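Asks: predicted model and sequence below, questions to follow.
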Amino acid sequence: MLITQRPAQAHLGGLWEFPGGKREEGESFEQCLRRELVEELGIEVTAGELLEDLTYNYPQKTVRLKFFRCSLKQGEPRAVGCADLRWVTREQLNNYTFPPADARLLDRLSRDMQIWAAE
């Protein structure tokens, strides 16, 4: 699974996350994901199955997160709009610190072996 590190100056800077970003007006979540991955990682993907849909309230803002299973269509991920990136296994996820909003998905990823099965 691909994870990225937030830039130090960003909200929750230095933490690791699942790549994606802020949705622009009139954009679907899938369109947003595809655009953000081009901007942040220089890759094109196909957005597949929706794995998780959640809302999380931080003191400064509320975020809605949708996590999709993606297939790489073109390019090799590189840290264009993020501080760093890693390909990780289920066991390695515990070695990285993620924002609180990702806790429910991280718990599911640690328990649900089907998510990790090859398509």
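Replies: Yes, it's here. Numbering: from 1, shown residues only.
Asks: quick one: contacts for the closest residue to R86 other than its chain neighbours?
Replies: Computed as CB to CB, 6 or more residues apart in numbering, the closest residue to R86 that is not its neighbour in sequence is I3, at 5.5 Å. Every residue, glycine included, has its C-beta placed from N, CA and C. Contact analysis of I3 by CB atoms under 8 Å, 6 or more residues apart in numbering lists W16, E17, F18, P19, L85, R86, V88, L93, Y96.
Asks: just the residues you listed: which are in strands?
Replies: W16, E17, L85, R86 (DSSP state E).
Asks: can you tell me which of the residues you listed is nearest F68?
Replies: Minimum distance to F68 across the ones in strands among the contacts of I3 is 14.0 Å, recorded for E17 (CB to CB).
Asks: check the gap between the closest one and H11 for me.
Replies: Computed as CB to CB, to the nearest Å, the E17 to H11 distance reads 11 Å.
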